[in-house]
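# need coordinates for the following:
(2 chains)
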Amino acid sequence: NAGVTQTPKFQVLKTGQSMTLQCAQDMNHEYMSWYRQDPGMGLRLIHYSVGAGITDQGEVPNGYNVSRSTTEDFPLRLLSAAPSQTSVYFCASTRGGNADPGKLFFGSGTQLSVL
Amino acid sequence: DQQVKQNSPSLSVQEGRISILNCDYTNSMFDYFLWYKKYPAEGPTFLISISSIKDKNEDGRFTVFLNKSAKHLSLHIVPSQPGDSAVYFCAASARTFGNEKLTFGTGTRLTIIP
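A predicted model of the protein is given here:
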């Protein structure tokens, strides 16, 4: 039972490079989201999607793009990496609705360093 | 502006005793509260939740208490076990903003001493 799968687990970028963090879930969840975790800051919402073709901004969206062409996949794109984007990134999914409010299933994370 | 606060970055508790983790929030729109547990190199996992219409929810060794007037919630773990050593995040959501959009606290690292 794979759940939420994130790749890569580790990545080092140079300032200005672009890359895509991959996220896939096999639970047929409608809702998917991306968070970043920084020391002393907790987890902060970057972007989220309530279904295929629908995305919206979270608390810290600047410098990131997302798209949702299928229910399963929700990639996060860094357009021009900056040192401030050094962080651990988590993808999460949930069924949505009132059945289990807020009960997110998280991937194992991508540790990104921007030099 | 930190809307969900965990003021204790770390906590050490003897095995078998009670662990109490605290969380405060400022946004009165929050109506659902959750605790997540995180081990190193893993993603957070859901632990327990409580709706704002309740003041207590229990699941085995874990109990969450909500004091709406004080905007305070706490997680009690009894008895504490070595496997409970992890970082615990408090989170909150508001039906108005979407139940799935969580605001997280900064986390408390719990260490259970054998």
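# what's the closest non-adjacent residue to B:Ala92?
In space, and not counting its chain neighbours, B:Ala92 is closest to B:Phe30: 4.0 Å by C-beta to C-beta, 6 or more residues apart in numbering or on different chains. Any C-beta I mention is one placed from the backbone N, CA and C, and that applies to glycine too.
# contact partners for A:Leu104?
A:33, A:92-94, B:36, B:44, B:46, B:100, B:102 (C-beta atoms under 8 Å, 6 or more residues apart in numbering or on different chains).
# can I assume B:Gly83 sits in a helix?
Yes: counting by DSSP: H, G, I helix; E, B strand; the rest coil, B:Gly83 is part of a helix.
# contacts only, for the residue nearest to it when sequence neighbours are not counted.
Distances taken as C-beta to C-beta, 6+ apart put B:Ile112 closest to B:Gly83, at 7.9 Å, once the chain neighbours are dropped. Contacts for B:Ile112 were tallied using C-beta under 8 Å, 6+ apart; they are B:12-15, B:19, B:80-85.
# A:Arg44: what's it in contact with?
A:35-38, A:58-60, B:104.
# and chain B, which of its residues are near chain A?
By C-beta under 8 Å from any C-beta of the partner chain, the residues of chain B that approach chain A are B:4, B:6, B:32, B:34, B:36, B:41-46, B:49, B:51, B:89, B:91, B:93, B:95, B:98-107.
# from these, list just the buried residues.
Buried subset of these (neighbour count, 16 or more other C-beta atoms under 10 Å in any protein chain shown): B:4, B:6, B:32, B:34, B:36, B:43-44, B:46, B:49, B:89, B:91, B:93, B:98-107.
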